[in-house]
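Enquirer: Sequence first, then the predicted structure, then my questions.
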Amino acid sequence: MDPPLTSVRQPIEEMGRTMARLLLQEIASPGGPDDQPRRILPTELVVRASS
């Protein structure tokens, strides 16, 4: 693209591993909707020419 776009890089592999682990935990010990854990993973702003 011209100009190159600024974007947010997300840890895709870590997101997959985390979600698989949480799914297996939920299968082993079901909880209610209020018991859903929240995970915040690091992101990186990739500044390019669009900003």
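Expert: Good, I have the coordinates.
Enquirer: Please make it C-alpha for all contacts and neighbour counts, starting now.
Expert: OK.
Enquirer: Enumerate every residue touching the nearest residue to Gln10 once chain neighbours are set aside.
Expert: In this structure, Gln10 finds its nearest non-sequential neighbour in Thr43, 5.1 Å apart by Cα to Cα, 6 or more residues apart in numbering. Neighbouring residues of Thr43 by Cα atoms under 8 Å, 6 or more residues apart in numbering: 8-11.
Enquirer: for this structure, what spans make up the helices?
Expert: 12-28 (DSSP state H).
Enquirer: Pick out the residue nearest the middle of it.
Expert: Closest to where the C-alpha atoms of the chain average out (Cα atoms, centre = their mean) is Met15, at 4.6 Å.
Enquirer: what's that residue in contact with, if anything?
Expert: Per Cα under 8 Å, 6+ apart, neighbours of Met15: Leu41.
Enquirer: Can you tell me how far it is from Val47?
Expert: To Val47, Met15 is 22 Å away according to Cα to Cα, to the nearest Å.
Enquirer: pLDDT score assigned to Ser50?
Expert: Per-residue confidence at Ser50 stands at 92 (pLDDT).
Enquirer: Check the gap between the closest residue to it other than its chain neighbours and Val46 for me.
Expert: Nearest residue to Ser50, sequence neighbours excluded (Cα to Cα, 6+ apart): Leu5, at 5.0 Å. To Val46, Leu5 is 9 Å away according to Cα to Cα.
Enquirer: who's more crowded, those two?
Expert: Leu5 (13 against 10; other Cα atoms under 10 Å).
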